[in-house]
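> Show me how the following folds:
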Amino acid sequence: MRIVILSRQANLYSTRALVEAARKRGHSVRVMDTLQFDIRVSRRQPELFYQGEPVEQVDAVIPRIGASITFYGLAVVRQFEMMGVFCLNESQAIARSRDKLRSLQILSRHDIGLPPTVYTRMAEHVPACIDRVEGPPVVVKLLQGTQGIGVVLAESASAANSVIQAFHGLDQNILIQKFIQEAKGSDIRALVVGRKVVAAMKRQAVAGEFRSNIHRGGTAKKIRLTAEYRRTALAAARVLGLRVAGVDMIESKDGPMVMEVNSSPGLEGIQKTTGIDVADAIIEHLEHEVALASPSRNQRRRKL
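Modelled structure (predicted):
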């Protein structure tokens with residue numbers, strides 16, 4: 001296969017791991033900077049140009065789109081889709097996962113555990129909203145934050161109000177979420193590929209920190225998921241339409257609760273923690289999906 005990986009930096013661990021896995025399995029792979037594409041929209045002939053040159057025929061695309069370039073990245077993925085190229089995660093699924101409120105709204109329609117959450121734009125509504133999520137304390141989140149950025153633990157109603165006013169002053173949309181104390185600063189990351197959880201780890205925040213992200217100093221260990229947590233991770237990825245996803249869950253007295261579903265999960269932490277070659281599992285799944293692609297999709301492919 002001729003595979004394109006959409007990534008701003010070819011030297012990132014996740015990108016390098018995917019390139020290496022693809023080449024080991026005999027595929028031709030090229031890393032392309034998402035922002036270097038030009039999109040040509042015309043009647044019945046969608047086209048893409050990369051660094052000014054027409055893109056050669058592509059069999060499959062692996063989107064690795066950073067949150068800061070979501071809008072343009074989705075446009076590039078959509079253009080590949082319009083040209084009949086198979087995309088491992090589709091543009092609509094990526095868009096759902098990037099908007100925390102939208103993803104929670106979609107997940108809430110299914111039997112998937114979620115922490116009580118309220119969205120508001122009115123500062124005067126904050127006290128009532130905190131009561132609705134059984135706080136304080138509460139967690140205040142930016143709708144489009146990533147890697148723990150824009151996530152604040154507010155110990156009191158006044159602290160929550162101050163954080164919310166600050167975010168709104170920056171014209172940012174926020175969520176107020178119940179703080180699950182029994183999680184004790186830990187969470188579970190399950191890496192879903194297709195209909196399988198291929199790897200899972202438990203992350204623990206450092207003392208004095210409630211965010212368990214590894215790059216914030218948290219530690220991680222390999223775990224074997226129970227059937228309940230496995231079902232929850234698979235259901236969350238399926239409901240959002242993601243073929244590959246990092247599903248973050250916390251343990252609560254009511255069972256697993258989904259905190260976030262990531263459409264471009266980092267591979268370094270989970271591969272080094274578990275010893276599992278997640279990149280190889282992703283490429284293997286891509287092979288399977290492309291082979292199953294309908295003839296009509298293949299017929300729509302064009303040389304650009």
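
> show me where the stretch 1-150 of the chain has helices.
13-24, 70-82, 91-98, 100-108, 126-132 (DSSP state H, counting those that start in this stretch).

> between the ones you listed, which gets nearest to A237?
The closest of the helices of the stretch 1-150 of the chain to A237 is helix 91-98. By C-beta to C-beta, the value is 9.1 Å. Placement of C-beta: from N, CA and C, glycine included.

> In the closest one, which residues are buried?
Going by neighbour count (16 or more other C-beta atoms under 10 Å), the buried part of helix 91-98 is 91, 93-98.

> May I see those residues arranged in JSON lines, with distance to V31 and pLDDT as well?
Output for these, formatted as JSON lines (distance: C-beta to C-beta, whole Å; pLDDT from 0 to 100):
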{"residue": "S91", "distance to V31": "19", "pLDDT": "97"}
{"residue": "A93", "distance to V31": "22", "pLDDT": "97"}
{"residue": "I94", "distance to V31": "18", "pLDDT": "97"}
{"residue": "A95", "distance to V31": "23", "pLDDT": "96"}
{"residue": "R96", "distance to V31": "25", "pLDDT": "95"}
{"residue": "S97", "distance to V31": "22", "pLDDT": "94"}
{"residue": "R98", "distance to V31": "21", "pLDDT": "90"}
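
> ok, back up a step: could you dump the helices of the stretch 1-150 of the chain to a markdown table with distance to M249?
Formatted as a markdown table, the helices of the stretch 1-150 of the chain follow (distance: least, C-beta to C-beta, whole Å):
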| stretch | distance to M249 |
| --- | --- |
| helix 13-24 | 21 |
| helix 70-82 | 23 |
| helix 91-98 | 15 |
| helix 100-108 | 11 |
| helix 126-132 | 22 |
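
> so which of these gets nearest A199?
That would be helix 13-24 among these, by C-beta to C-beta, at 12.6 Å.

> Measure how far that closest one is from the centre of its chain, please.
Offset of helix 13-24 from its chain centre (C-alpha atoms, centre = their mean, to the nearest Å): 19 Å.

> what does stretch 18-37 rub up against?
1-8, 10, 15, 48-51, 55, 62, 64-65, 69, 72-73, 76, 79, 267, 277, 279-280, 282-284, 287 (C-beta atoms under 8 Å, 6 or more residues apart in numbering).

> and with 7 Å instead?
1-8, 10, 15, 48-51, 62, 65, 69, 72-73, 76, 277, 279-280, 282-283 (C-beta atoms under 7 Å, 6 or more residues apart in numbering).

> from the chain's centre, how far out does that stretch sit?
20 Å.

> Now do the end-to-end distance for that stretch.
For stretch 18-37, the first-to-last residue distance is 21 Å (C-alpha to C-alpha, to the nearest Å).

> Would you mind finding the most buried of the helices of the stretch 1-150 of the chain?
helix 91-98 (a mean of 21; mean count of other C-beta atoms under 10 Å).

> okay, it in PDB with CA atoms only?
Taking Å, rounded to 0.1, in the frame of the first residue of the first chain, the C-alpha atoms of helix 91-98 are listed here in PDB:
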ATOM      1  CA  SER A  91     -13.000  13.600   9.500                       C
ATOM      2  CA  GLN A  92     -16.400  13.500  11.200                       C
ATOM      3  CA  ALA A  93     -15.200  11.100  13.800                       C
ATOM      4  CA  ILE A  94     -12.200  13.300  14.600                       C
ATOM      5  CA  ALA A  95     -14.400  16.400  14.800                       C
ATOM      6  CA  ARG A  96     -16.700  14.700  17.300                       C
ATOM      7  CA  SER A  97     -13.800  13.700  19.500                       C
ATOM      8  CA  ARG A  98     -12.100  17.100  19.500                       C
END
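
> would you list every one of the strands in the stretch 151-300 of the chain?
Secondary structure of the stretch 151-300 of the chain, counting by DSSP state E, counting those that start in this stretch: strands at 151-154, 174-178, 186-193, 196-204, 219-222, 244-252, 255-262.

> among these, which is nearest R44?
Going by C-beta to C-beta, the one of the strands of the stretch 151-300 of the chain nearest R44 is strand 244-252, 31.1 Å.

> residues in contact with the closest one?
Here strand 244-252 has contacts from 88-89, 180, 182-183, 187-193, 229, 232-233, 236-237, 256-263, 265, 282, using C-beta under 7 Å, 6+ apart.

> tell me the angle of that strand relative to strand 186-193?
Angle of strand 244-252 versus strand 186-193, following axes from the mean of the first three to the mean of the last three C-alpha atoms, to 10 degrees, is 150 degrees.

> how far out from the middle of the chain is strand 244-252?
That offset, for strand 244-252, works out to 10 Å (C-alpha atoms, centre = their mean).

> Over to stretch 30-42?
Distance, centroid of stretch 30-42 to centroid of chain: 21 Å (C-alpha atoms, centre = their mean).

> Endpoints of that stretch, how far apart?
End-to-end distance for stretch 30-42: 26 Å, by C-alpha to C-alpha.
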